[in-house]
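*Asks:* Sequence unavailable; structure follows:
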C-alpha cells in the first residue's frame, strides 16, 4: 500500500506546479527532468513520449523521486519517493489535460508518430518542509 498524500501535496499537485522527476540512468546516476503533473487520488501522473530517456530509465528501474517547489515559498518543498509504472492507455488524454492546466490550450507539440505514455507514481515516502 502506498503512502497517502498530505493536503499540502494535494494542493500543489492540483495547481499548475512544475515538478522535478528523478530517474536512474543505466550507470546508476540520476537524471532530472522538469514536468507537468496531475493527481489521481494518491498517485501522481506525468506524461512522456515512448522512447525518451526517462521512459527507458523507468522501464529498467521503476524507483523514482519527485520534488515539488512551492512557487510562493521557495523554502517550502515536497519530496516524494515512489515506484513508477508506464502505460500508453490514456496517454494522449493526459497530455491534453496537462497542457490545458498549464498553458490553457490542448497539447500541440508532438510529431505525428509520437506515442504518449502515462507515468504513474505510487508514493512510498513523502517528505515535506516549510
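*Replies:* Sure thing, it's come through. Since we're looking at a predicted model, the values are computed, not measured.
*Asks:* can you tell me how far the residue nearest in space to the middle of the chain sits from residue 72?
*Replies:* For the chain, the residue sitting closest to the mean C-alpha position, by CA atoms, centre = their mean, is residue 46 at 3.7 Å. For residue 46, the distance to residue 72 (CB to CB, to the nearest Å) stands at 22 Å. Any C-beta I mention is one placed from the backbone N, CA and C, and that applies to glycine too.
*Asks:* Would you mind naming the residues that bridge with the residue nearest to residue 89 when sequence neighbours are not counted?
*Replies:* Leaving aside its sequence neighbours, residue 89 sits nearest to residue 118 (CB to CB, 6 or more residues apart in numbering; 7.0 Å). Residue 118 has these beta-bridge partners by DSSP bridges: residue 47, residue 87.
*Asks:* Could you do residue 24 as well?
*Replies:* residue 30.
*Asks:* okay but residue 54 is in contact with residue 119, surely?
*Replies:* Yes: counting by CB atoms under 8 Å, residue 119 is a contact partner of residue 54 at 7.5 Å.
*Asks:* and for those two, which residues touch both?
*Replies:* Common neighbours of residue 54 and residue 119, counting by CB atoms under 8 Å, 6 or more residues apart in numbering, are 21, 48.
*Asks:* Roughly how far does residue 71 sit from residue 78?
*Replies:* To residue 78, residue 71 is 13 Å away according to CB to CB.
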